[in-house]
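> Need coordinates for the following:
(one chain, ligands or ions: 1)
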Amino acid sequence: MLDQLQALQTQALADLNGVNSRADLEAWDSQYIGKKGQLTQMLRNMGSLSKEERPVFGKMANDVKGVLESAYIERERLISEQELAQDLESGAVDITLPGRPNPTGGLHPSTRTLRRFYDIWGDMGFQVYQSRDIETDDMNFTQLNIPPHHPARDMQDTFYTTTPNVILRTHTSAGQIRAMRELGGDGTKPLRVVLPGMCYRFEQITVRSEVQFHQMEGIAIGKNIRMSDLKGTITEFIRRFFSPTAKTRFRASYFPFTEPSMEIDVECFLCGGEGCRVCKHSGWLEIAGSGMIHPTVLRNGGYDPNEWSGFAFGMGPERMTLLKHGISDIRYFWANDLRFLEQF
Ligand code: DAH
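A predicted model of the protein is given here:
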């Protein structure tokens with residue numbers, strides 16, 4: 001009997017080695033250790049053994065049962081692993097394929113430049129004031145010392161609306177008086193504001209001029225503000241925007257709303273001042289108009305020009321973006337060509 005048990009164990013383990021599926025495993029189980037299995041049969045037949053043999057046989061049969069049960073569990077684990085591996089293989093996804101990119105939008109180059117402006121002017125203590133695109137010709141011209149028949153009105157061709165005296169602003173200077181009146185506390189508070197916004201001119205569209213473009217106006221009003229403050233402030237701004245070594249030049253000019261007036265040039269970044277096509281061989285690029293605020297304008301804004309003084313400037317973000325990135329044509333800005341816009 002004991003030999004039979006031993007043989008059974010050997011046979012069962014050998015069979016189990018060939019079992020590779022769950023169905024075969026169940027069959028093996030019922031053949032050997034299930035209710036009608038061979039081992040169970042042998043245990044049932046124990047009654048025919050003598051008293052002395054019975055415990056010896058019982059112990060050995062239990063050992064065999066233990067061995068076969070552990071072998072069963074181990075085999076089941078192996079089969080599960082194989083099944084999982086097969087499952088993974090049949091459902092495999094080729095993860096080496098590149099994904100499909102989702103195109104995302106970006107900021108318009110002018111928006112980027114304007115935001116850079118806000119950062120720099122903000123750091124220098126200027127607050128941003130949003131004025132209106134649709135203006136009265138009073139604000140756009142008259143209050144800025146450009147009376148109805150002043151020849152300076154010819155400097156800009158204007159989009160008029162069907163409402164008398166209502167126009168699209170031709171420059172952000174139109175917001176100067178509004179900012180002074182709204183923030184100046186009836187001419188009692190110093191002021192440092194920048195006024196960004198779109199401007200409109202009824203002009204021929206060329207590589208250098210568009211019918212719409214941004215400007216960024218700036219005004220600083222206080223006691224004892226002088227031309228040196230204007231020059232220092234603008235020079236610092238240009239260094240921060242273009243490069244720490246950027247050179248700046250101020251040229252005498254004329255604007256009705258400033259006295260004296262200046263135009264501001266930066267050294268041409270392309271040729272380093274040597275002279276090239278972009279700077280029309282002058283070595284300099286014009287980027288802004290500026291000056292000391294005219295006493296009449298200060299007065300219109302509520303300030304007493306005997307006590308207060310200030311400087312103003314107006315610069316063109318598209319112009320400056322163009323210069324900074326070596327873009328040759330201002331018309332790209334509103335042409336909505338993604339090949340251009342996606343470069344920023
Ligand atoms: N408004 C002027 C223009 O559109 C630019 C300008 C010049 C603004 C001088 C100013 C300034 O504030 O002081 O050409």
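> Please name the nearest non-neighbouring residue to the residue in the stretch 51-200 of the chain that the ligand sits nearest to.
Sorted by distance to the ligand under CB to the nearest ligand atom, the residues of the stretch 51-200 of the chain start with residue 171, at 3.4 Å. (C-beta placed from N, C-alpha, C; glycine too.) With CB to CB, 6 or more residues apart in numbering as the criterion, residue 171 has its nearest non-adjacent residue at 5.4 Å, and that residue is residue 199.
> who does that neighbour bridge with?
Following DSSP bridges, residue 199 is listed with bridge partners residue 213.
> Can you give me the pLDDT of it?
Residue 199 carries a pLDDT value of 96.
> Quick check: the residue of the stretch 51-200 of the chain closest to the ligand touching residue 314?
Yes - between residue 171 and residue 314 there is a contact under CB atoms under 8 Å: 6.2 Å.
> Distance of the closest residue to residue 284 other than its chain neighbours relative to residue 283?
In this structure, residue 284 finds its nearest non-sequential neighbour in residue 265, 3.9 Å apart by CB to CB, 6+ apart. Distance of residue 265 to residue 283, given as CB to CB, to the nearest Å: 9 Å.
> Residue 334: neighbouring residues, count only.
15 (other CB atoms under 10 Å).
> correct me, but it touches residue 212?
Yes - if you go by CB under 8 Å, residue 334 and residue 212 touch, sitting 6.7 Å apart.
> give me every residue that touches the residue nearest in space to the middle of the chain.
The chain has residue 106 as the residue nearest its centroid, 6.6 Å off, counting by CA atoms, centre = their mean. By CB atoms under 8 Å, 6 or more residues apart in numbering, the contact set of residue 106 is 341-342, 344.
> Just name the closest of those residues to residue 237, please.
Here the nearest of those to residue 237, counting by CB to CB, is residue 344; it sits at 21.2 Å.
> quick one: contacts for that closest one?
Residues near residue 344 by CB under 8 Å, 6+ apart: 106-109, 112.
> Would you tell me which residues of the stretch 101-250 of the chain are close to the ligand?
Proximity of the stretch 101-250 of the chain to the ligand, by CB under 6 Å from any ligand atom, involves residues 171, 173, 217.
> confidence score at the most far-flung residue of the chain relative to its centre?
Ranked by distance from the centre of the chain (CA atoms, centre = their mean), the top residue is residue 50, with 90.3 Å. We have a pLDDT of 86 for residue 50.
> Then the one 10 residues further on?
Reported pLDDT at residue 60 in the predicted model: 90.
> and it, what is it in contact with?
Going by CB under 8 Å, 6+ apart, residue 60 touches 2, 5.
> can you give me the strands for the chain?
Applying DSSP state E to the chain gives strands spanning 127-128, 134-136, 166-168, 191-200, 212-222, 248-255, 258-267, 284-293, 309-315.
> ok now the first one, how far from the chain's centre?
Between the mean C-alpha point of strand 127-128 and the mean C-alpha point of its chain there is a distance of 22 Å (CA atoms, centre = their mean, to the nearest Å).
> who does that strand touch, helix- and strand-wise?
For strand 127-128, the packing partners by 3 or more CB pairs under 8 Å, 6 or more residues apart in numbering; DSSP states H and E come out as helix 109-123, strand 191-200.
> got it, and the last one?
For strand 309-315, the helices and strands in contact under the criterion 3+ CB pairs under 8 Å, 6+ apart are strand 212-222, helix 227-241, strand 258-267, strand 284-293.
> Compute the inter-axis angle for the last one and strand 212-222.
Going back to what we said before, that points to strand 284-293. 40 degrees (axes from the mean of the first three to the mean of the last three CA atoms, to 10 degrees).
> Then the longest one?
Helix 227-241 and strand 212-222 meet at an angle of 130 degrees, taking the same axes, to 10 degrees as the criterion.
> Tell me which residues of helix 227-241 come out buried.
229-231, 233-235, 237-241 (16 or more other CB atoms under 10 Å).
> same question, the third one
Applying a neighbour-count criterion of 16+ other CB under 10 Å, one finds 258, 261-267 buried in strand 258-267.
> neighbouring contacts of that strand?
227, 230, 234, 238, 242, 246-255, 273, 283-295, 297, 311-313, 315, 323.
> Domains of this protein: list them as residue ranges, please.
2-90, 109-341 (automatic domain parsing).
> What separation do you get for residue 315 and residue 172?
9 Å.
> what's the overlap in contacts for the two?
In contact with both residue 315 and residue 172: 215-216, using CB under 8 Å, 6+ apart.
> quick revisit: could you say which of the domains of the chain is packed most deeply?
Compared across the domains of the chain, domain 109-341 shows the largest average neighbour count, a mean of 18 (mean count of other CB atoms under 10 Å).
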